[in-house]
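Novice: could you work out the structure for the sequence below:
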Amino acid sequence: MYKTLFIILFQLAITSVVAQQRQLLLGTWIKTHLETNNSQIAADTKYLKYTFENDGKFYLSTDYDDKGIEYRYKLIGDILELNDNKLNIISLENDYLILEDIGETNDPIKIYFTKMSKLLSENTISQNDYYMRDNDTIYFENELIYPEFEKKNNKTSDGYILSKMVGQINGKEESYSFATFIVNTNGQISNIDIMHHIGNKYDSNLIKAIEKTNGMWTSPTINGKKVNVLKEITYHYPKIPNLPSTVTKNYKFIRVETQAEKFQTKYQLFYKEAVKQYLRGNMKSALNLFMRCENLTDEKINTIIGMNKCYKELNDSENYQNSLNKIQESKFSYILKD
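Specialist: Numbering: from 1, shown residues only. Below you'll find the model as predicted:
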């Protein structure tokens with residue numbers, strides 16, 4: 001009798017522990033540290049997000065604003081089965097998780113996670129993380145504060161918007177498009193702005209495509225409260241080189257290399273930061289960054305548009321008028337009609 005009772009109590013204890021582990025596992029986890037001797041794996045895992053749901057669904061993402069690819073997971077003791085992959089749970093607490101890939105015995109991988117809600121609660125928000133618009137606080141999206149997109153046909157927000165575009169770039173010239181819009185606390189969007197122009201038709205079609213995402217968003221939560229966030233949409237179209245044929249005599253395909261010539265990575269980083277400084281009201285910093293962008297490209301008119309906005313806010317009438325004249329004489333004169 002006592003033996004039977006002991007077995008029952010033991011089984012109940014195990015069941016209770018497993019249930020507790022399952023509950024602790026639920027939610028979104030962000031990789032904070034990775035230990036491995038494989039430098040290639042370390043380099044390829046800059047950002048990693050795991051999301052566990054109650055119905056046995058698991059999502060893996062390497063992009064902060066994408067929920068990720070759906071898998072199935074099982075929890076058997078301290079073994080976490082993710083499809084065909086098995087991970088050993090080294091430690092599982094309310095806000096911290098350590099996993100070890102036991103499939104890589106010759107080169108073990110240990111991954112340290114922190115619950116996203118914990119990171120958000122610890123996140124010290126500075127004035128650089130938001131700006132004010134009509135008495136509303138608008139947060140700039142980052143790896144912790146971002147709106148979630150309701151996937152349509154398994155497309156990300158960028159992919160969905162691109163699929164709704166009418167008339168694409170011809171590929172003969174390198175082009176760079178950068179737009180922003182606000183995702184409000186109710187999931188609706190507003191204030192669509194083209195910050196880096198390609199052409200009247202493209203800009204117009206991009207705005208229409210973005211408008212189709214209205215209501216498909218879930219705004220982020222900070223300290224239990226929904227917040228407004230500024231979403232960025234970027235499309236960079238490198239110039240495709242003209243090749244007589246992509247097949248050699250041996251029927252081996254030639255790898256086509258594209259390279260950013262007009263809009264390098266540094267240009268794009270400076271330009272986005274200039275826009276943020278402008279929205280924060282730091283006109284001199286924004287102007288300085290737009291000027292640095294101007295020196296990085298031979299297509300300067302977008303930076304002149306940015307500088308024109310800064311000159312207007314700084315009441316620099318002479319430079320404002322000079323830059324305005326250049327815009328009026330350019331292919332982007334249509335923006336002055338808005």
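Novice: how near is I161 to I304?
Specialist: Distance, I161 to I304, using CB to CB, to the nearest Å: 27 Å. (Glycine included, C-beta is placed from N, CA and C.)
Novice: so which residue is dead centre in the chain?
Specialist: D65 (4.3 Å; CA atoms, centre = their mean).
Novice: give me the nearest residue to that residue, chain neighbours excluded.
Specialist: Y146 (4.6 Å; CB to CB, 6 or more residues apart in numbering).
Novice: what number of residues lie near the one you found?
Specialist: 20 (other CB atoms under 10 Å).
Novice: for the one 4 residues further on, same thing?
Specialist: Residue neighbour count, defined by other CB under 10 Å, stands at 13 for E150.
Novice: name the nearest residue to it, ignoring sequence neighbours.
Specialist: Per CB to CB, 6+ apart, closest to E150 is M216, 4.4 Å.
Novice: try T36
Specialist: Nearest non-adjacent residue to T36 (CB to CB, 6+ apart): I109, at 4.5 Å.
Novice: for K164, same thing?
Specialist: A209 (3.9 Å).
Novice: buried residues in the helix or strand hosting the one you found?
Specialist: Under the criterion of DSSP states H and E, A209 resides in helix 200-211. Neighbour counts over helix 200-211 (16 or more other CB atoms under 10 Å) mark 202-203, 205-206, 209-210 as buried.
Novice: between the residues you listed, which is nearest H196?
Specialist: D203 (9.7 Å; CB to CB).
Novice: sec struct for the closest residue in space to the closest one that isn't next to it in sequence, please.
Specialist: Residue nearest to D203 in three dimensions, not counting chain neighbours: I194, with 4.8 Å by CB to CB, 6+ apart. What DSSP: H, G, I helix; E, B strand; the rest coil gives for I194 is strand.
Novice: quick one: buried residues of stretch 275-290?
Specialist: 275-280, 282-283, 285-290.
Novice: swap in stretch 69-78?
Specialist: Buried, per 16+ other CB under 10 Å, within stretch 69-78: 71, 73, 75.
Novice: just to be sure, the first one is in a strand?
Specialist: What that stands for is Y71. Yes. Assessed by three-state DSSP, Y71 belongs to a strand.
Novice: I'd like to know how far it sits from N83.
Specialist: 5 Å.
Novice: can you tell me what sits against the strand or helix carrying F181?
Specialist: Element membership for F181 (DSSP H and E) is strand 175-183. For strand 175-183, contacts defined as CB atoms under 8 Å, 6 or more residues apart in numbering pick out 133, 138, 147, 169, 189-198, 202-203, 206-207, 210, 217, 219, 228-237, 262-263, 267-268, 271-272, 275.
Novice: what about those residues, which are in strands?
Specialist: Assigned to strands by DSSP state E, the following of these qualify: 133, 138, 189-196, 217, 228-237.
Novice: surely the residue nearest to D203 meets N205?
Specialist: No. Using CB atoms under 8 Å as the test, I194 is too far from N205 to be in contact (10.8 Å).
Novice: need the per-residue pLDDT for S91.
Specialist: Note for S91: predicted pLDDT of 92.
Novice: so L24 makes contact with D95?
Specialist: No. Judged on CB under 8 Å, L24 makes no contact with D95 at a distance of 9.3 Å.
Novice: run a quick neighbour tally on the residue nearest to I233 when sequence neighbours are not counted.
Specialist: Distances taken as CB to CB, 6+ apart put A179 closest to I233, at 4.7 Å, once the chain neighbours are dropped. A179 has 21 neighbours, counted by other CB under 10 Å.
Novice: so A179 bridges to which residues?
Specialist: I194, I233 (DSSP bridges).
Novice: residue contacts, Y267?
Specialist: 176, 293, 296-297 are the contacts of Y267 under CB under 8 Å, 6+ apart.
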